[in-house]
Structure formats: C-alpha cells, structure tokens
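*Asks:* Next one to model:
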Amino acid sequence: KDRSRVHYHRFHNIFLYITEKCQLRCHHCYMGDRLERGMVMPIEQATRIMNYCRRLGAEYLTFIGGEPTLHPDLPQMVDYALNIGYSQVMINSNGLLEKNINRVLPEKLHYISFSLDGATAETHNQVRSKGTFEKTITCIENAIRTGYSVRLICTISQVNIHEAQAILSLADEMGVSLVNFHFFSEEGRGIAQAADWSLN
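*Replies:* So this is what the prediction gives:
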C-alpha cells in the first residue's frame, strides 16, 4: 500500500470563512453581495467546525473572509486550533491589518498571506481602491520586521498581468517567502469586470 498517497476521504487543508466583513470592495472579489451582509461566525460555531475537521484528519487551517483580522475572536480561534492539534495555522488578509493581528504572536502562525494585486500603486489601487497600495506595502514590511513569515496572493487579470514579474521582484526585495498567483474568476464582484479583466 502506497502510504505517500493522499486519499480523497482525508481532509488536510481547511479554509475557514469566519466573517463576511471587509473594509474593501475589490472589483474581483468572489464574495460579491455577501460583503454587504457582513455576517460574523460565532466562535462557538468556529470551534465546532475546527473540531469536526480535525477528527477527519485535517492538519492545516487557514482563516479567511471577508477580512479575518476584523473578527474580534480571531486570536482565540488561532489558539484553539493549535491546542487541538492543527500543525499549521495561517491567515489570509487584505493587508490593512487594523485589528487583532498584534494579539497573534508570529510563532503561532505558519504564515500570513497578504493580497497584493500590483507592483505599483496605480495598478494595485485600480483593483482594490485608492490609497491601499501604500498601506499594504507598509503592513507587509512591518509584519516581516516583527517576525511573521509572509506570503503574497495576487489575482492575475488583464489589469495587472504586465506587472507579474515586477511583483515577484518586489516580493524578493521585501523578504516575502512565496507568491501565489491566482487567475481572475468571473464570480461575485468579478462578474461585472469579466469583459475587460478576464484572461480567457
């Protein structure tokens, strides 16, 4: 029996949506109108899900949203995940870390992924909104300086594909450990941008 094979009945990677709240309304966001509801998952529900998935064999847990750092119980959720045996805990953030992250010590997280959709303010801000590039870059630099392992997520579309190589270079300059490129999808708020942004 090949024990190196990952069987389909096992859950290794869990992405837990803990809130629909977000400060931004990015043009490619898959959440769409759900952002307007701003629903927040109670910590009791989150712990039940974490327990259930852990019993099924889940090992890696990523908190996402919306913007997970806006959830008031995020630090407690991170601690709970580690206490019940998740070997890696991650956070995906829009890079405007305004709340809670300073209450999660760097050694508790495998990494934080920040969304960066351009190597220049002009391109990134076109996707995410005016003034966000400078805030995100500052946040990335501060997180790395504090000791967090930082990765980037970039959603590639017709708007920013010309800066893909420059994003990699910028990541190297800042000390980012990995860059994940995702393709723009015609979902949520992306539906309205499909004609101009899609790579198909």
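
*Asks:* what residues are up against the most centrally placed residue in the chain?
*Replies:* By CA atoms, centre = their mean, the chain has its centre lying nearest to Asn92, at 2.0 Å. Residues in contact with Asn92, defined by CB atoms under 8 Å, 6 or more residues apart in numbering, are 62-65, 68, 112-113, 115, 153. C-beta here means a position set from N, CA and C on the backbone, and glycine is covered the same way.

*Asks:* Just give me the closest of these to Cys53.
*Replies:* Thr62 (11.7 Å; CB to CB).

*Asks:* how near is that closest one to Gly188?
*Replies:* According to CB to CB, to the nearest Å, Thr62 and Gly188 sit 19 Å apart.

*Asks:* Repeat that for Leu56.
*Replies:* 28 Å.

*Asks:* Which residue comes closest to Ala121 once chain neighbours are left out?
*Replies:* Leaving out its chain neighbours, the residue that sits closest to Ala121 by CB to CB, 6 or more residues apart in numbering is Phe133, at 3.9 Å.

*Asks:* A helix includes that neighbour, no?
*Replies:* Yes. Per DSSP: H, G, I helix; E, B strand; the rest coil, Phe133 lies within a helix segment.

*Asks:* thinking it is in contact with Gly118, fair?
*Replies:* Yes. When contacts are counted by CB atoms under 8 Å, Phe133 is listed as touching Gly118 (6.9 Å).

*Asks:* Quick check: neighbours shared by the two?
*Replies:* Joint contacts of Phe133 and Gly118 (CB under 8 Å, 6+ apart) are 124-125.

*Asks:* picking that back up, compare Leu56 and Gly188 (neighbour count), which wins?
*Replies:* Gly188 (17 against 12; other CB atoms under 10 Å).

*Asks:* which residues touch the more buried one?
*Replies:* 28-34.
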